[in-house]
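Chemist: Here is a sequence with its predicted model. Questions after.
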Amino acid sequence: MLIKPIELTQQFIAVVPAAGAGKRMLANCPKQYLTIDNKTILEHTVERLLSHPSINKVIIALSANDEYFPQTSLINNVQVETVIGGKERVDSVLAGLTAIDPEDYSWVLVHDAARPCVTHDDISSLITHCLAKEVGGLLAAPVRDTMKRSVLSTLNGQQVLSTVARENLWHALTPQMFPVRELKAAIINGLKQGAELTDESSAIERANLPSLLISASSENIKITHPDDLALATFFLAKQKQQQHKPTQQETP
Ligand SMILES: Nc1ccn([C@@H]2O[C@H](COP(=O)(O)OP(=O)(O)OP(=O)(O)O)[C@@H](O)[C@H]2O)c(=O)n1
Ligand SMILES: C[C@](O)(CO)[C@H](O)COP(=O)(O)O
């Protein structure tokens with residue numbers, strides 16, 4: 001099916017959950033405020049979103065006791081709005097959704113602050129496919145390794161319980177893009193039912209609604225553990241270099 005390119009005029013809004021503590025990062029500040037190339041991860045991520053031609057507004061969900069945001073360049077960005085996030089990521093996402101007027105934006109892209117390496121091509125691919133099929137979806141990377149499920153053994157800690165077939169198994173990434181009203185209702189209902197909603201698609205699935213999986217770059221890592229910072233630094237430097245590499249036409 002030939003996918004029609006995005007209408008250049010249509011603009012989208014993004015919600016960026018950035019209210020986490022980053023405990024697994026073992027850093028002296030929330031991980032979204034660690035710096036790469038003298039810029040916070042949050043600034044990298046929001047600038048990556050706002051520099052995409054189809055995204056013109058970002059709502060960032062911040063922790064109620066966030067003391068770092070005012071020191072970032074985002075404080076004066078007219079395309080950025082902030083809300084107070086919640087206890088869990090899903091609560092922060094819901095706070096961001098609640099700040100959107102569906103009459104202004106019928107779709108929303110939800111993207112982790114901790115994922116600064118997302119590419120414009122992947123964002124365009126997500127938007128294009130979702131609009132073409134009028135179905136929400138998410139960027140995802142196919143699993144490449146053999147996957148194991150473990151069991152705790154009193155004798156020797158974690159040991160293999162079984163091998164999980166990796167066919168049709170994906171790493172869910174972000175952005176995840178859905179109609180605002182649909183996503184908000186799915187999250188509210190899921191929370192009412194006590195569901196654990198670790199991403200937007202899990203709420204949509206519970207509502208028996210479809211979710212497209214859009215194959216994307218595995219460079220779109222979520223900075224979670226200390227060694228992820230060097231990897232993200234490498235990917236951002238590589239992407240910056242590719243951006244400035246002369247194209248075939250420009251090569252003398
Ligand atoms: N209550 C929360 C928890 C997480 N997040 C955001 O959701 C994204 C993905 O969550 P995760 O990687 O788990 O971040 P943290 O919760 O900060 O990490 P940790 O679990 O290590 O504390 C991050 O950008 C984080 O800031 C959020 O907005 N509100
Ligand atoms: C949304 C997400 O990044 C998709 O993989 C992931 O579910 C976030 O989980 P976390 O535990 O909040 O990092």
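Modeler: Thanks, I have it. Ligands and ions are numbered 1, 2, ... in the order given.
Chemist: tell me the contacts of the nearest residue to Ala21 once chain neighbours are set aside?
Modeler: Spatially, and ignoring its direct neighbours in sequence, Ala21 is nearest to Pro30 (5.7 Å; C-beta to C-beta, 6 or more residues apart in numbering). Using the backbone N, CA and C atoms, a C-beta is placed for each residue, glycine as well. For Pro30, the contact set (C-beta atoms under 8 Å, 6 or more residues apart in numbering) comprises Gly20, Ala21, Gly22, Ser63, Asp66, Tyr68.
Chemist: Enumerate the residues of the stretch 51-200 of the chain near ligand 1.
Modeler: Within the stretch 51-200 of the chain, the positions lying close to ligand 1 (C-beta under 6 Å from any ligand atom) are Ala61, Gly85, Gly86, Lys87, Glu88, Arg89, Ser92, Asp112, Ala113, Ala114.
Chemist: ok, the contacts of Pro30 vs ligand 2, which is closest?
Modeler: Gly20 (7.0 Å; C-beta to the nearest ligand atom).
Chemist: what about the stretch 1-150 of the chain, any weak spots by pLDDT?
Modeler: Within the stretch 1-150 of the chain, the segments meeting pLDDT under 70 span 1-8.
Chemist: Going by length in residues, pull out the top strand of this structure.
Modeler: Identified as the longest strand of the chain according to DSSP state E is strand 170-179.
Chemist: residues of stretch 39-46 that come out buried?
Modeler: Applying a neighbour-count criterion of 16 or more other C-beta atoms under 10 Å, one finds Thr40, Ile41, Leu42, Glu43, His44, Thr45, Val46 buried in stretch 39-46.
Chemist: contact partners of it?
Modeler: 16, 18, 31-36, 47, 58, 60, 68-69, 72-74, 77, 80, 111-116, 118, 223, 232, 236.
Chemist: can you check stretch 175-183 too?
Modeler: Stretch 175-183 is contacted from outside by 12, 14, 97, 100, 102, 105-111, 118, 123, 126-127, 130, 136-139, 186, 199-201, 203-204, 207, 209, using C-beta under 8 Å, 6+ apart.
Chemist: Just the ones in strands from the contacts of stretch 39-46, please.
Modeler: Those of these mapping onto strands are Val16, Ala18, Thr35, Ile36, Val58, Ile60, Val80, per DSSP E.
Chemist: Any of those residues buried? List them.
Modeler: Buried among these by 16+ other C-beta under 10 Å: Val16, Ala18, Ile36, Val58, Ile60, Val80.
Chemist: number of nearby residues for the nearest residue to the third one once chain neighbours are set aside?
Modeler: Pointing back at Ile36 there. Distances taken as C-beta to C-beta, 6+ apart place Thr233 nearest to Ile36, at 5.0 Å, with adjacent residues excluded. Residues contacting Thr233 under the criterion other C-beta atoms under 10 Å number 16.
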